[in-house]
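Let's see this in three dimensions:
(chains A, B, C and D)
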Protein chains: 2
Amino acid sequence: MTTGNTIDREIEARLGEAGVRYTRARRAVVGALARADGPRSASELHEDMDQDVPLSSLYRSLSVLDGAGVLEPHNSLKGLTRYELAEWLAGHHHHLVCLVCGTVEDIQLSAEMEARLEKLVETVTDEVSFAASGHTLEVHGRCARCV
Amino acid sequence: MTTGNTIDREIEARLGEAGVRYTRARRAVVGALARADGPRSASELHEDMDQDVPLSSLYRSLSVLDGAGVLEPHNSLKGLTRYELAEWLAGHHHHLVCLVCGTVEDIQLSAEMEARLEKLVETVTDEVSFAASGHTLEVHGRCARCV
DNA sequence: ACGAAACTGAGAATCATTATCAAGATAGCA
DNA sequence: TGCTATCTTGATAATGATTCTCAGTTTCGT
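As a prediction, this is how the structure comes out:
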């Protein structure tokens, strides 16, 4: 996990390569996502953010950031897309998905667990015609609020 | 994996408990899903099915079957929901998610792999305030068609 | 066969998301 | 500093998936 400042510089560089600017609006989106403890949808971000960014702009910011590989989309319950900072920024993690309210919480595995899981994924994908590039373990259940 | 006939009887029983009927339209949806080798969206099913069921009815069938626990929704790329037969009907499995075309393919792990994964999940969820009820391993990459 | 309850079809309505287009901000450069 | 090309933004219209509504139909138990 890198510090906010470092993240900002990394993102600025990445956006530069993509030929787009790291504007105030986009910084605000990244900030809100960095503050969040899990994926957030456009409308959730819209509420989270103090300044009243119009939704259409928010969507555009998200899609620009996504296109540049800064965000990772996560398609969740009720047909909406939530985004989080891409793994190269936020670190590799997994998800606790609440089947009741649909929220997704990030968790990180201990190095040992992660190593075990990686080995398992490798073993599995060796046998199929599929070029694996990553994995996420989705654990389903009820979150603390929805007990 | 159970046979079509058995599945039908199990579903009929389950729907009975839920107080809804197992009608021709609903049988058709289940049939199409049983034939599929992965999750299918409403519009995909609409094409797959010979008879011209109206989309609105198809959506309703899906939501009734989902509500009764017969289907499992799977929210995928491009903001659409695909359904597949629930695990208690189709067996526990995992997903190969193509990041390019968004299709999802089911895979089953060997008993040994599955046991290992289950143990891992158990270890992980022991430490968090989350009532886990299931899990899916999502492997991301490019499918055979999108190489 | 009769009535209540569940189902269906057609279309309107809703919700998330995308596209459009004119106006505003910026960077690079003369 | 001012110019110009380019990227951004905001407001709004448009799209696509999904849900809702309501009137007509089928089904089940009696």
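
The longest strand along chain A - which strands sit beside it in the sheet, and in what orientation?
Using DSSP state E to define each element, chain A has its longest strand at strand A:130-143. Strand A:130-143 has these partner strands in its sheet, going by DSSP bridges: strand A:94-98 (parallel), strand B:130-143 (antiparallel).

Leaving out chain neighbours, which residue sits closest to the most centrally placed residue in chain A?
Geometric centre of chain A, nearest residue: A:E84, 2.0 Å, by Cα atoms, centre = their mean. Of all residues not flanking A:E84 in the chain, A:P39 sits nearest, at 4.4 Å (Cβ to Cβ, 6 or more residues apart in numbering or on different chains). Placement of C-beta: from N, CA and C, glycine included.

Distance check, that neighbour against DNA strand D.
Using Cβ to the nearest atom of the strand, to the nearest Å, we find A:P39 at a distance of 18 Å from DNA strand D.

where does that residue land on pLDDT?
What the model reports as pLDDT for A:P39 is 92.

Can you pull the phi and psi angles for it?
phi -60, psi 150 (degrees, to the nearest 10).

picking up where we left off before, out of the strands paired with strand A:130-143, which is the most enclosed?
For the strands paired with strand A:130-143, the largest average neighbour count (mean count of other Cβ atoms under 10 Å in any protein chain shown) is found in strand A:94-98, namely a mean of 23.

Show me what stretch A:55-71 is in contact with.
By Cβ atoms under 8 Å, 6 or more residues apart in numbering or on different chains, the surrounding residues in contact with stretch A:55-71 are A:11, A:14-15, A:17-18, A:20, A:25-26, A:29-30, A:33, A:42-43, A:45-46, A:53, A:72-73, A:83-86, A:88-89.

Count the neighbours of A:D48 for me.
15 (other Cβ atoms under 10 Å in any protein chain shown).

one step back: could you dump the longest strand of chain A to PDB, C-alpha only?
Provided in PDB are the C-alpha atoms of strand A:130-143 (Å, rounded to 0.1, in the frame of the first residue of the first chain):
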ATOM      1  CA  PHE A 130      -7.800 -19.800 -20.800                       C
ATOM      2  CA  ALA A 131      -5.000 -17.200 -20.400                       C
ATOM      3  CA  ALA A 132      -5.400 -16.300 -16.800                       C
ATOM      4  CA  SER A 133      -4.100 -12.900 -15.700                       C
ATOM      5  CA  GLY A 134      -5.500 -12.600 -12.200                       C
ATOM      6  CA  HIS A 135      -8.000 -13.900  -9.700                       C
ATOM      7  CA  THR A 136     -10.300 -12.800  -6.900                       C
ATOM      8  CA  LEU A 137     -11.800 -14.900  -4.200                       C
ATOM      9  CA  GLU A 138     -15.400 -13.900  -3.700                       C
ATOM     10  CA  VAL A 139     -16.700 -14.900  -0.300                       C
ATOM     11  CA  HIS A 140     -20.500 -14.600  -0.100                       C
ATOM     12  CA  GLY A 141     -22.500 -14.200   3.100                       C
ATOM     13  CA  ARG A 142     -24.000 -11.500   5.300                       C
ATOM     14  CA  CYS A 143     -22.100  -8.500   6.400                       C
END
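
centre of the chain versus that strand, how much separation?
In terms of Cα atoms, centre = their mean, to the nearest Å, the centre of strand A:130-143 is found 13 Å from the chain centre.

pLDDT at A:D66, what is it?
95.

residue ranges of the strands in chain A, please?
A:40-41, A:71-76, A:80-85, A:94-98, A:104-107, A:130-143.

Can you say which of these is nearest to DNA strand C?
Among the strands of chain A, strand A:80-85 comes nearest to DNA strand C, with 3.4 Å by Cβ to the nearest atom of the strand.

So which other helices or strands are in contact with the closest one?
helix A:24-35, strand A:40-41, helix A:42-48, helix A:55-67, strand A:71-76 (3 or more Cβ pairs under 8 Å, 6 or more residues apart in numbering or on different chains; DSSP states H and E).

that older thread, using TSV, please lay out the strands of chain A together with distance to B:V124.
Below are the strands of chain A laid out as TSV (distance: least, Cβ to Cβ, whole Å):
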stretch	distance to B:V124
strand A:40-41	23
strand A:71-76	19
strand A:80-85	19
strand A:94-98	8
strand A:104-107	7
strand A:130-143	7
